[in-house]
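Student: Predicted model and sequence below, questions to follow.
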Amino acid sequence: MKPLKIYYPHKPYSITQKWGNPNSMYKDAGFSFTRHNGVDANTTRLDWQGKIVSEYPVFCPVENFTVHTVDFNPKGGGNELWLVSNEPLIIGDRECHAYIPIAHAKKVLVKAGDKPALGELITIADNTGFSTGVHTHMGLYRTKYNGMRITNYYDVNDANGSFDPALFFTGEYAVDKASLPTLVKSGLRYYNYLLTGS
């Protein structure tokens with residue numbers, strides 16, 4: 001049984017809100033949780049006119065995972081995808097499956113059922129959904145998975161039952177760990193996005 005390893009999904013990676021931070025905005029918005037249920041990282045940059053833009057490519061931060069769902073949640077993660085581990089992992093003190101959302105994307109570039117390689121381009125960052133600025137949100141849930149659906153969540157807490165993904169960061173960038181074929185595939189996918197928007 002392998003331990004979970006999470007690589008930074010984009011480069012650079014600068015955390016703007018940690019997991020578990022109390023945030024009164026959640027209560028004001030009607031959510032049942034009061035603490036941040038993931039890790040936010042800045043994806044803001046300025047164009048040549050000083051205008052804020054976000055075209056950050058976001059890469060698959062884990063290996064041996066499947067895209068479980070792709071969705072648009074206007075009151076939550078906006079354009080988001082959820083990755084689930086293909087096999088059980090050791091996460092903290094538990095053997096379980098990892099369920100990882102990547103949220104607030106401008107565009108999701110993969111579909112449910114895809115098995116992206118480590119470092120493969122999966123989204124373009126933005127601030128869709130319940131978001132106060134351009135960033136990428138990544139969460140972690142310890143679950144039981146039967147190969148088709150999530151059957152159990154193991155944690156109950158004020159961070160929406162989540163677990164801190166930062167505990168499993170390797171300190172390395174996913175794109176730097178990508179194989180040459182993965183880099184070529186990602187490059188073609190990115191240029192297709194730039195040319196066609198899809």
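Tutor: Cool, got the structure.
Student: List the strands paired with the worst-scoring helix or strand of the chain on mean pLDDT, with their directions.
Tutor: Least confident helix or strand, the chain: strand 52-53 with a mean of 74, by mean pLDDT, DSSP states H and E. Taking DSSP bridges as the criterion, strand 52-53 forms sheet pairs with strand 45-46 (antiparallel).
Student: At the geometric centre of the chain, which residue sits there?
Tutor: Ile102 (2.2 Å; Cα atoms, centre = their mean).
Student: could you check the distance from that one over to Gly50?
Tutor: 28 Å (Cβ to Cβ, to the nearest Å). Every residue, glycine included, has its C-beta placed from N, CA and C.
Student: can you check Ile122 too?
Tutor: In terms of Cβ to Cβ, Ile122 sits 29 Å off from Gly50.
Student: about what we covered before: which element is encountered next along the chain beyond the least confident helix or strand of the chain?
Tutor: strand 57-59 (DSSP states H and E).
Student: Buried residues of the helix or strand following that following strand, list them for me.
Tutor: Using DSSP H and E, the next helix or strand after strand 57-59 towards the C-terminus is strand 65-73. Residues of strand 65-73 classed as buried: 65-68, 70-71 (neighbour count, 16 or more other Cβ atoms under 10 Å).
Student: I'd like to know which elements the top helix by length along the chain is packed against.
Tutor: As assigned by DSSP state H, the longest helix anywhere in the chain is helix 180-196. Where contact means 3 or more Cβ pairs under 8 Å, 6 or more residues apart in numbering; DSSP states H and E, helix 180-196 is packed against strand 57-59, strand 121-125.
Student: In CSV, list those strands along with mean pLDDT, distance to Ser186 and mean neighbour count.
Tutor: Output for those, formatted as CSV (pLDDT from 0 to 100; distance: least, Cβ to Cβ, whole Å; neighbours: other Cβ atoms under 10 Å):
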stretch, mean pLDDT, distance to Ser186, mean neighbour count
strand 57-59, 97, 7, 26
strand 121-125, 97, 4, 25
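Student: Name the SS class of the residue nearest to the centre of the chain, please.
Tutor: The three-state assignment at Ile102 reads strand, by DSSP: H, G, I helix; E, B strand; the rest coil.
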